[in-house]
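> For reference, the sequence and a predicted model appear below.
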Amino acid sequence: MVGEEYLAALLDTYRGEIMAKSPRSLAIWQKNRTVMPAGVGSLFRLADPFPMVIKQAQGARVWDADDNEYLDFMLGFSVMILGNTPDEVQEAIREALPRGSHYAQCHEHEYAFAQLFCDMVPGVEKVTFCNSGTEATMYALRLARASTGRPLVAKFEGGYHGTHDLLAVSFGRPGPHAKQYGPIEDPAAIPESPGFAAGAWRDTIVLPYNHPAAFDKIMRHADQLAAVIIEPVQGAAGSIPADREFLAELRRVTRQIGAFLIFDEVITGFRLAPGGAQEFYGVIPDVSTFGKVAGGGLPFGALGGNAEAMRLMEYDTEPGSILMAGTFNGSPLVTAAGSAVLQRLRAEPGLYERLNLMGDRFRTEINKFAQQEGFPALAVGAGSMFWMHATPGPVNSVRDARRADHFASPGLRLLYRKHGLHIPPNHGFMCTAHTDGDITRLIEVHKAAMQELRAQGVW
Ligand SMILES: Cc1ncc(COP(=O)(O)O)c(C=O)c1O
């Protein structure tokens, strides 16, 4: 084995190569820093060694400010399921724009958009729109608390539901933040930022993902619990699917104690199947949150559920209805763009089969290679959500994912970028614009990166 100093120097070599091929991108980010904190509009745009600066996105590719071409497996953090700049979305926006980009009033195109949700997603009879996944999960919790009259909500360790004070707890913010995670059966609630209102996150209890102790903890708080929220496939934690039986038991237990079951389908919605994870797994929640894919590339969030669960959003007829409002909710451009995407997803035969097969192919080929060559690596995910962890596995939770090799993991990420993959740090996505050749390239880059690290004595 090689020493830590050698490994650190190796990673610096890769960083230097990336900087050398993208000097203009680096300069743009450094200029941004002079007027924007950290030079980024969102924490999760920070990357090693510096953020990507995109000049153009088309189909399954993006180009950086230095005209380097990358095969895109980030897809705007999962949003662009039809690839970047899909024709039908461009056309829908062009058609809508002359009628006005914004009214903050009802308009006749909301109905068709809402109807697509109700038709496609098994658990949705009524749906309402907002502007981000963060807003959607915030409203979902408010609705559950108001409906049940109970104070607590439960989330799973590793689950990311946006940035608000209620749920930005124990997802594992990247960076040098010392953490006390607590015992696996009873994970600690750790706010992921200073500055939260204590009364918010202290009413959030944290459950172990894919672990039976979750049900004991739920039962300990049964009469205080308004809702349990879960990502059916944890995205940011590393594309980690929940077991189907685990979800089914969660459905049974939440129903038994009279708490809302909320599926956060901000990533999985319209990605795993037309009806999202609830169709994919056959488990129907009371309320679901959406965003990403469904907004067609414009800022978007949505909240939908069965009519009874959504009752306290009938603001004009229901005493005790919740506060939900937003200047930009359901803007004419987002309903146009979102409808165009959902219509194609609903109509195109074999679309999900092909997407999901591409993900299966990646997992199968990488795992076969890792096994044959003796790499302690495991490719996981569901459908078109994927990630290869630098650990032999199993990977059933964010704690398992954290066991990944501390030099191989950053080394792999740097090599992906060096070799022209645009991919988030913990979860990749496929789109309909990817060809079989693109998936072959994805697999080949992974294999080459593994071999390169082995040749350097890292793995
Ligand atoms: C599962 C999940 N929920 C909620 C959110 C928050 O969505 P937004 O970034 O639109 O606020 C995200 C964002 O990545 C997400 O992955």
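Great, that's in hand. Numbering: from 1, shown residues only.
> List the residues that contact V228.
For V228, the contact set (Cβ atoms under 8 Å, 6 or more residues apart in numbering) comprises V153, A154, K155, L207, I218, L250, T254, A259, F260, L261, I262. For the C-beta atoms, the positions are set from N, CA and C on the backbone; glycine is no exception.
> What sits closest to it if chain neighbours are left out?
With sequence-adjacent residues excluded and distances taken as Cβ to Cβ, 6 or more residues apart in numbering, V228 is closest to A154, at 4.5 Å.
> Any chance of the backbone angles for the one you found?
For A154, the backbone dihedrals are phi -120, psi 140 (criterion: degrees, to the nearest 10).
> List the contacts of the strand or helix carrying Q30.
When elements are assigned from DSSP states H and E, Q30 belongs to helix 23-33. Residues from elsewhere that reach helix 23-33 (Cβ under 8 Å, 6+ apart): M19, G39, V40, F50, P51, M52, V53, D64, A65, D66.
> about what we covered before: which of the contacts of V228 fall within strands?
When strands are assigned by DSSP state E, the members of the contacts of V228 inside them are V153, A154, K155, L207, F260, L261, I262.
> As JSON lines, those with neighbour count and distance to F386 would be great.
What follows is these, written out as JSON lines (neighbours: other Cβ atoms under 10 Å; distance: Cβ to Cβ, whole Å):
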{"residue": "V153", "neighbour count": "27", "distance to F386": "30"}
{"residue": "A154", "neighbour count": "23", "distance to F386": "28"}
{"residue": "K155", "neighbour count": "30", "distance to F386": "24"}
{"residue": "L207", "neighbour count": "25", "distance to F386": "25"}
{"residue": "F260", "neighbour count": "25", "distance to F386": "30"}
{"residue": "L261", "neighbour count": "25", "distance to F386": "26"}
{"residue": "I262", "neighbour count": "30", "distance to F386": "25"}
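> check contacts around H389.
G238, A377, L378, A379, V380, V395, D400, A401, A404, S409.
> Mind pulling up the pLDDT for R173?
At R173, the predicted lDDT confidence score is 69.
> I229 should be in a strand, yeah?
Yes. Applying DSSP: H, G, I helix; E, B strand; the rest coil, one finds I229 inside a strand.
> Contacts only, for it.
Neighbour list for I229: T137, A140, L141, V153, A154, K155, G159, H161, L167, I262, F263, D264 [criterion: Cβ under 8 Å, 6+ apart].
> Might one say that R417 is in contact with E17?
No. The pair formed by R417 and E17 falls short of the contact definition of Cβ atoms under 8 Å, at 9.5 Å.
> Looking at the two, which is more packed in?
The residue with the greater number of neighbours, taking R417 and E17 and applying other Cβ atoms under 10 Å, is R417; the counts read 24 against 15.
> P285 versus that one, what's the distance?
Applying Cβ to Cβ, to the nearest Å, one obtains 37 Å for the distance of R417 from P285.
> same deal with N32?
In this structure, N32 and P285 are separated by 40 Å, where distance is defined by Cβ to Cβ.
> Please identify which of the two sits among more neighbours.
A direct count of neighbours by other Cβ under 10 Å for N32 and P285 places P285 higher, at 32 against 16.
> what kind of secondary structure is the more buried one in?
For P285, the reduced secondary structure class is coil; criterion used: three-state DSSP.
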